[in-house]
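[1] sequence first, then the predicted structure:
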Amino acid sequence: MSNPNAAQAPVTVIGLGLMGQALAAAFLKNGHPTTVWNRSSTKAGELVANGAVLAPSVKDAVETSPLVVICVSDYDAVHELLDPLEGSLAGRTLINMTSASSSQARGMSKWAVEREVAAYIDSAIMAIPPAIATDEAMLLYCGPKSAFAEHEQTLKAIAPAATMYLGEDPGLASLYDVSLLTIMWGIENSFLQGVALLGTAGVKATEYLPMANSLIAMTTDFISAYAAQIDAGDWPAEDSTIATHVDAMDHLLDESKELGINTELPELIKAFGRRAIAAGHGNASYAAMVEVFRKPSA
Ligand SMILES: NC(=O)c1ccc[n+]([C@@H]2O[C@H](COP(=O)([O-])OP(=O)(O)OC[C@H]3O[C@@H](n4cnc5c(N)ncnc54)[C@H](OP(=O)(O)O)[C@@H]3O)[C@@H](O)[C@H]2O)c1
């Protein structure tokens with residue numbers, strides 16, 4: 001059930017780096033009494049000017065609000081700050097927005113049980129600080145469903161359009177985080193390979209951009225079909241076979257070699273194709289390539 005008094009719910013934000021400042025500003029803007037703490041207290045200046053209360057210690061900050069958000073560089077910093085607090089977190093909801101691996105997040109969830117934290121929610125921020133509190137922001141949450149529901153309205157201050165609950169497993173937000181970032185880097189690296197190839201013919205990146213964007217849009221259709229095939233465990237080649245793809249991968253590699261640009265990405269793409277063919281998937285759709293990704297590297 002969502003909290004009917006969410007508009008007035010007090011929040012503590014620990015960590016006022018680029019992201020923490022944006023988070024605290026979002027809560028403040030939505031009318032939440034906001035307590036903040038940061039190792040370097042000068043970073044609280046603008047927030048305090050806008051109504052936030054700067055706590056004199058982490059302990060005071062934690063003990064001020066039933067909902068505590070922490071967003072610092074890494075889990076070493078989280079432990080450095082929270083480990084000495086003993087019982088201060090008991091009965092509170094702790095939302096950890098610090099990036100980490102899924103095993104670290106699951107470990108933190110166990111740590112929270114030992115500290116009698118009422119609910120530990122792990123979160124991944126799929127946004128840059130200027131996007132916080134806008135419809136561009138996507139925030140992922142996992143942990144106890146009832147605690148998420150209780151604070152959902154408050155959390156919408158950060159990501160009004162995409163405050164997303166993934167499930168009870170405290171490792172899910174971190175796993176989604178890297179699974180989404182791999183798409184971002186995959187597209188960006190491929191775009192840059194294309195820029196380098198076309199640059200040898202004097203084509204500017206901005207001239208390539210409209211067609212690159214069309215291909216990205218087309219690819220979203222391809223992966224929609226592949227997702228259904230992967231979940232069904234059956235990958236008939238309805239568009240083209242992996243063998244056909246591998247022939248085209250040769251062109252990418254050969255061009256890159258001949259033009260004297262970097263060949264690492266084309267070699268990697270080709271290696272995936274070769275391994276899928278060796279595994280007997282030459283006549284399957286590209287979706288079958290998932291079998292290569294599901295196994296450890298050769
Ligand atoms: N920025 C982004 O675009 C973005 C996007 C998604 C997720 N994130 C995640 O958000 C988290 C914070 O990122 P950020 O961009 O805010 O980083 P940042 O600007 O470098 O801020 C780091 C924060 O961690 C604090 N900190 C580091 N070590 C500490 C320690 N040992 N004890 C106490 N405080 C410590 C810093 O305190 P001081 O100010 O005193 O140094 C500061 O508040 C990271 O896990 C990051 O992966 C960031």
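    Nice, I can see it.
[2] contacts, neighbours, all on C-alpha from now
    Will do.
[3] quick one: buried residues of stretch 214-231?
    225-226, 229-230 (16 or more other Cα atoms under 10 Å).
[4] narrow those residues to those in strands?
    Per DSSP state E, strands hold no members of those.
[5] distance to the ligand and pLDDT added to those, as JSON lines?
    What follows is those, written out as JSON lines (distance: Cα to the nearest ligand atom, whole Å; pLDDT from 0 to 100):
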{"residue": "225", "distance to the ligand": "29", "pLDDT": "95"}
{"residue": "226", "distance to the ligand": "28", "pLDDT": "96"}
{"residue": "229", "distance to the ligand": "31", "pLDDT": "97"}
{"residue": "230", "distance to the ligand": "29", "pLDDT": "97"}
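[6] tell me where the stretch 1-150 of the chain has strands.
    Counting by DSSP state E, counting those that start in this stretch, one finds strands in the stretch 1-150 of the chain at the ranges 11-14, 34-37, 53-54, 67-70, 93-96, 119-126, 138-142.
[7] the ligand: which of these is closest?
    strand 119-126 (4.6 Å; Cα to the nearest ligand atom).
[8] thinking again about what came up before, which of the strands of the stretch 1-150 of the chain sits closest to residue 103?
    With respect to residue 103, and counting by Cα to Cα, the nearest of those is strand 119-126 at 11.6 Å.
[9] what mean pLDDT does the closest one get?
    Strand 119-126 carries an average pLDDT of 98.
[10] direction included, what does it pair against?
    Strand 119-126 pairs in its sheet with strand 93-96 (parallel), strand 138-142 (antiparallel), by DSSP bridges.
[11] list the buried residues of the last one.
    The neighbour-count criterion (16+ other Cα under 10 Å) identifies 138-142 as the buried residues of strand 138-142.
[12] residue contacts, residue 51?
    28, 34 (Cα atoms under 8 Å, 6 or more residues apart in numbering).
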